[in-house]
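Engineer: From the sequence below, what's the structure:
(2 chains)
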Amino acid sequence: MKTQIVQKAFDHLRPGGYFEAQEVLCVPEADDGTLSPDSALVSWVREVAAASDEADRMLCVGPQLRSWLGEVGFEDVREAVYKIPVNGWPRGPALKHIGQMWQRNLVSGLSGFSLGLLNRVRGRTLEDIEVSVLPCFILLISLLMVLGWNSCSWWT
Amino acid sequence: MLDGRNHLAPFSRGNPPRRVLDIATGTGTWAIEMGDEYPEAQIVGTDLSPIQPGYVPPNVRFFVEDS
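Structural biologist: As a prediction, the model looks like this:
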């Protein structure tokens, strides 16, 4: 990502140009402490992220993006952090709606996100992947959990 | 999450961007919204998948590219 995108963006932008990115800081958290670090969902995220690193298609670029932008030469790097719900726990209608959309997105996409990386890079069988994704569904649809992702936006 | 804004970079109708590149544009939704918001700008969206609509604002174009 750094050389493939950030460096190229810097090289090809004229002075005065802007680069903006939004990334989720991959690992979900629960504000009420109900998501343990060895839960199925967190383990799934870590495994998919690690496979993406191995495939040189890094998914979790969020934590490094700010320093990469500075390293390649961008000036005046700004960062904004937003907490995004991933299920419908918020009471406010706008955030509840966003959480429900994310939940729908994740529940319908978990298999799809996993198959390529966990099969081609990690060598797991399709059946094995589908089975391991099931407890993640259960965690996601549970309204008892105050789940969220941190999303960062950087612009420079 | 951004209160309906498409971007945080300091552009506006009075200070529009001239050229915008959307890398990994997907269905092109953001690029199309930018094209409508800034009709004087040239918006280009790239993605590995050709899943963008055929009818888009005249200042928006899509290309298949692997980023």
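
Engineer: residues in contact with the spatially most central residue of chain A?
Structural biologist: Centre of chain A computed as the mean C-alpha position; nearest residue by C-alpha atoms, centre = their mean is residue A:26, 3.3 Å away. If a contact means C-beta atoms under 8 Å, 6 or more residues apart in numbering or on different chains, then residue A:26 has A:45, A:49, A:59, A:60, A:62, A:149 as its contacts. No exception for glycine: its C-beta is placed from N, CA and C like everyone else's.

Engineer: Phi first, then psi, for it.
Structural biologist: Per-residue torsions, residue A:26: phi -50, psi -40 (degrees, to the nearest 10).

Engineer: and the gap between it and chain B?
Structural biologist: 16 Å (C-beta to the nearest C-beta, to the nearest Å).

Engineer: Could you report the distance from that residue to residue A:113?
Structural biologist: As for residue A:26, its distance to residue A:113 is 11 Å (criterion: C-beta to C-beta, to the nearest Å).

Engineer: How about residue A:72?
Structural biologist: For residue A:72 relative to residue A:113 (C-beta to C-beta), the value is 29 Å.

Engineer: which secondary structure elements does the longest helix along chain A contact?
Structural biologist: Longest helix in chain A, counting residues (DSSP state H): helix A:93-115. On a contact count with 3 or more C-beta pairs under 8 Å, 6 or more residues apart in numbering or on different chains; DSSP states H and E, helix A:93-115 meets helix A:40-54, strand A:78-85, helix A:126-141.

Engineer: so which of those comes closest to chain B?
Structural biologist: strand A:78-85 (5.0 Å; C-beta to the nearest C-beta).

Engineer: Are that closest one and chain B in contact anywhere?
Structural biologist: Yes. Applying C-beta under 8 Å from any C-beta of the partner chain, one finds strand A:78-85 in contact with chain B at A:78, A:80, A:82, A:84.

Engineer: looking only at pLDDT, what's the mean for that strand?
Structural biologist: pLDDT averaged over strand A:78-85 equals 83, rounded to a whole number.

Engineer: Show me what it is packed against.
Structural biologist: By 3+ C-beta pairs under 8 Å, 6+ apart, strand A:78-85 packs against helix A:93-115, strand A:147-155.
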